[in-house]
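here you go, sequence then predicted model.
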Amino acid sequence: MRDCNIPLTRRLLKDERGQTAAVVLVVIFVLLALSVTGIEAGHVYYAYRLLQASTNAAALAAGEAMPTIGTSSETCTSSAGQSINSSYCNLYLYSSATQDGVKGLNTNNMLTNASIGANFYCSTVTAGAPINVACATATGCPSSGCNAVTATQTAKVNLWFGGVVGLRSMTLSATASATMKGGAHPPYNIAVIIDTTASMKDAASTSDGCSSTLGIGSPSQIECAVYGLEQMLLEMYPCENSSTCGTSTGFADSVSLFVFPALALSNSDYSKNNNFNNDYCGTGDSTVPYNFINVTAGTSQNLSMESTSGQTDAGTYQIVPFETTYKASNTATTLATGDALSKAVGYSGTSCSGLSAPGGQGTYYAQVIYAAQSALLSQQTTATKAGYTTQNVMIILSDGDAYASNSLANTSLGGNTQNGNQIVALSGTLNGTCTSSGNCTSTSASSYTYPSAIGQCWQAVKAAEDATSAGTKVYTVAMGSETAAPNAGSSASCQTDQVSETTLSGATGSESYPSSAYAGKAGSACNAIGAMASTSNTFYSDASSGCTSSQNSEYTTIGGIFKAVGNSLTYSRLIPNGS
């Protein structure tokens with residue numbers, strides 16, 4: 001009865017019933033808050049990792065295209081699978097951002113309003129050992145050049161529970177840095193084909209940049225070409241790391257040298273003796289007419305030239321077999337003076353003047369491409385048997401204008417047979433008829449079928465595309481390539497291609513041939529040498545005759561082109577930010 005006199009407030013304060021429920025309610029609220037925070041944090045962190053991965057990819061892609069940088073405001077219409085245009089276009093293409101209406105390949109629904117920028121710079125850390133990627137000067141680089149790029153990307157992530165506290169989204173930022181190409185790469189088998197026809201004796205264009213680098217008043221095209229090859233060799237890795245080249249048992253960047261026309265075996269039998277005869281230090285070499293042994297029209301069943309003892313000399317295209325002794329070590333900054341390749345490029349200290357241009361047979365290079373591809377496949381098979389995975393590469397330097405006359409037929413072998421072997425020469429026995437380079441006629445749709453005096457540029461493009469289809473990465477270097485069409489009168493190029501032939505689609509090459517994109521210049525030497533490249537990124541030109549490469553316009557000097565080729569065989573790599 002006394003409780004009745006206790007005020008209600010006091011009774012409630014003294015009542016202990018329901019306290020557990022209050023504690024549980026508070027704990028549930030705290031646990032829920034912690035869970036929501038953890039889930040949101042995981043959501044944000046996952047979005048950040050997506051952004052960082054996207055930024056890494058964009059930085060690496062930008063490094064792959066360097067030093068062709070472009071501008072941050074350029075229009076990039078690239079889409080998945082399209083060739084690299086510039087560092088900036090690559091940056092956008094592999095980011096999470098949308099540029100010029102094209103979504104980056106790493107766009108994600110989690111990331112919105114993404115934007116990316118880049119800073120290109122010269123890193124002394126990257127230029128030094130062990131990376132050794134020198135700074136290159138190009139449009140878009142600072143005055144000191146550039147060899148690295150830092151990409152910074154921002155994006156918003158919509159929060160799942162942030163609206164409860166008025167925070168509906170969060171802005172994230174990620175940064176990644178990468179080197180220009182120059183990282184580690186798989187072993188390469190590299191076949192270099194250099195045009196040594198008579199036209200290569202002509203003075204090199206001033207745009208080739210060899211006059212100042214060689215210290216010669218008016219260097220010839222062949223002198224300039226071998227200087228370029230020298231620059232590429234200096235970029236290669238001819239042996240395994242931490243080993244002396246020549247003693248390593250592993251496979252590295254092996255290089256073989258081919259020339260055309262074929263050199264007479266009687267004084268230039270390097271490919272058989274596996275040495276470099278002093279006769280080929282730059283003088284005393286003779287060429288032989290183009291001929292085809294045991295070849296059935298339309299096939300490439302036997303790509304070798306006559307070589308059996310006792311038979312008439314049919315020459316050799318391969319003058320230096322695949323070898324890895326052109327440098328003493330991977331870190332060497334000079335070539336080995338006793339090496340065959342060093343002598344072929346007339347390297348200082350070898351007492352050789354390097355490749356000459358004896359010419360005398362006109363230009364026909366479909367056969368040398370088939371021969372080089374055959375040698376590459378053989379070298380690759382040898383590496384595979386030894387447990388190594390290698391990549392085949394072919395580099396072709398020429399003006400691209402094939403015009404060998406059928407008057408240069410190799411008839412010294414005694415007609416159509418010699419010792420039981422079928423002989424096919426550039427003569428009337430072929431599928432088509434060429435009485436002169438300017439008078440090629442045929443009514444046969446198969447007239448261009450290898451080997452033929454008709455459609456010699458077409459055959460070379462077909463040979464290169466066959467190599468690309470077989471997995472070989474084909475680079476072409478146009479040196480003084482003409483842009484005039486086959487029927488352009490006195491200025492015409494690829495004149496044996498005047499007869500219409502099936503257009504090569506370019507599905508396995510950089511462009512079709514003949515290509516309507518050349519606006520009146522379809523079927524020209526420039527079109528041919530461009531179409532022979534595996535992709536538009538592997539086509540280079542010195543631009544001396546108006547022939548240009550849209551993808552590699554930064555490179556017009558021969559030395560710069562070959563350095564770029566060497567660098568393109570490497571990969572960009574991520575480096576610590578601030579390096």
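Received the coordinates, thanks.

quick one: Ala57 and Tyr92 touch, right?
No - look at Ala57 against Tyr92 with C-beta atoms under 8 Å: they stay out of range, at 11.5 Å. Placement of C-beta: from N, CA and C, glycine included.

more crowded one of the two?
Tyr92 (28 against 22; other C-beta atoms under 10 Å).

and the more buried one, what does it touch?
58, 76, 78, 99-100, 102, 104, 116 (C-beta atoms under 8 Å, 6 or more residues apart in numbering).

go through those residues and name the one nearest Gly489.
Gly489 has its nearest neighbour among these in Ser78, at 39.2 Å by C-beta to C-beta.

look at the closest one and report its pLDDT.
We have a pLDDT of 49 for Ser78.

what about Gly117, distance to Ser572?
18 Å (C-beta to C-beta, to the nearest Å).

secondary structure class for Pro261?
strand (DSSP: H, G, I helix; E, B strand; the rest coil).

which residue, other than its chain neighbours, is closest to Met327?
Check again: residue 327 is Lys, not Met. Pro238 (5.1 Å; C-beta to C-beta, 6 or more residues apart in numbering).

burial count for that neighbour?
What Pro238 shows, counting by other C-beta under 10 Å, is a neighbour count of 27.

now do it against Gly354, distance only.
19 Å.

Ser218 reaches Ser205, doesn't it?
No - using C-beta under 8 Å, Ser218 makes no contact with Ser205, being 10.6 Å away.

more neighbours: which of the two?
Ser205 (20 against 11).

Ser481 versus the residue nearest to that one when sequence neighbours are not counted, what's the distance?
Distance criterion C-beta to C-beta, 6+ apart; nearest residue to Ser205, sequence neighbours excluded, is Ser544 at 3.5 Å. As for Ser544, its distance to Ser481 is 8 Å (criterion: C-beta to C-beta).

which of those two has more residues huddled nearby?
Higher neighbour count among Ser544 and Ser481: Ser481, with 27 against 19, using other C-beta under 10 Å.

go ahead and confirm Arg168 touches Leu159.
Yes - with contact defined as C-beta under 8 Å, Arg168 reaches Leu159; the gap is 6.1 Å.

before we move on, what SS does Gly387 have?
coil.

and it, how many residues sit next to it?
8.

over to Ser212?
10.

mind listing what it touches?
Contacts of Ser212 (C-beta under 8 Å, 6+ apart): none.

just confirm Asn552 contacts Ala543, I think it does.
No - counting by C-beta under 8 Å, Asn552 does not reach Ala543; the two are 10.1 Å apart.

so between Gly117 and Ser572, which is more surrounded?
Ser572 (23 against 13).

pretty sure the more buried one contacts Ala57?
No - with contact defined as C-beta under 8 Å, Ser572 does not reach Ala57; the gap is 10.9 Å.

could you tell me the end-to-end distance of stretch 384-404?
38 Å (C-alpha to C-alpha, to the nearest Å).

tell me which element Ser212 falls in.
helix 210-214 (DSSP states H and E).

ok, and for that helix, which residues are buried?
Neighbour counts over helix 210-214 (16 or more other C-beta atoms under 10 Å) mark 210-211, 213-214 as buried.

now swap in stretch 103-111 and tell me
In stretch 103-111, counting by 16+ other C-beta under 10 Å, buried: 103-108, 110-111.

follow-up on the earlier one: and the residue nearest to Ser205, what does it touch?
205, 207-208, 479-480.

filter the residues you listed to the buried ones?
205, 208, 479-480.

Lys181 touches Ser568, doesn't it?
Yes - between Lys181 and Ser568 there is a contact at 6.1 Å, judged by C-beta under 8 Å.

what sits against Val474?
Per C-beta under 8 Å, 6+ apart, neighbours of Val474: 393-396, 464, 467-468, 509, 532-534, 538.

so which helix or strand takes in it?
Val474 belongs to strand 473-478, assigned by DSSP H and E.

repeat for Ala47
helix 19-65.

quick one: distance of the helix or strand following that helix to the chain centre.
Counting by DSSP H and E, the element after helix 19-65 in chain order, helix or strand, is helix 87-93. Taking C-alpha atoms, centre = their mean, to the nearest Å, the mean C-alpha location of helix 87-93 is offset from the chain mean by 18 Å.

ok, Arg168 and Leu159, which is more surrounded?
Using other C-beta under 10 Å as the criterion, Arg168 and Leu159 rank with Leu159 on top: 17 against 13.

Ala61 and Ser491, how far apart?
41 Å.

please read the previous query as pertaining to Gln231.
For Gln231, the distance to Ser491 - C-beta to C-beta - is 32 Å.

show me the helices in this structure, by range?
Per DSSP state H, the chain carries helices over the ranges 8-14, 19-65, 87-93, 124-127, 210-214, 221-235, 265-268, 270-273, 340-344, 366-385, 456-469, 525-532, 558-568.

and those, which is most packed in?
A comparison of the helices of the chain by mean neighbour count, using mean count of other C-beta atoms under 10 Å, puts helix 525-532 on top with a mean of 31.

packing partners for that helix?
Helices and strands touching helix 525-532, as assessed by 3 or more C-beta pairs under 8 Å, 6 or more residues apart in numbering; DSSP states H and E, comprise strand 391-398, helix 456-469, strand 473-478, strand 539-541.

could I get the ones you listed as a markdown table with distance to Val368 and mean pLDDT?
Converted to a markdown table, these look like this (distance: least, C-beta to C-beta, whole Å; pLDDT from 0 to 100):
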| stretch | distance to Val368 | mean pLDDT |
| --- | --- | --- |
| strand 391-398 | 9 | 94 |
| helix 456-469 | 9 | 89 |
| strand 473-478 | 13 | 94 |
| strand 539-541 | 19 | 92 |
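
Pro289 is nearest to which of these?
helix 456-469 (14.5 Å).

what does the closest one rub up against?
By C-beta under 8 Å, 6+ apart, helix 456-469 touches 300, 363-367, 369-370, 372-373, 376, 394, 396, 400-404, 448, 450-452, 474, 476, 494, 496-497, 501, 504, 506, 508-509, 513, 523, 525, 528, 531-534.

how about stretch 59-67?
84-91, 93-94, 118, 120, 136-138, 140-141, 145-151, 176-181, 554, 571-574.

repeat that with 7 Å
84, 86-87, 90-91, 93-94, 118, 136, 138, 141, 146, 149, 151, 176-181, 554, 572, 574 (C-beta atoms under 7 Å, 6 or more residues apart in numbering).

ok now that stretch, how far from the chain's centre?
14 Å.

now do stretch 124-142
19 Å.

what mean pLDDT does it get?
On average, stretch 124-142 scores 78.

all set, thanks.
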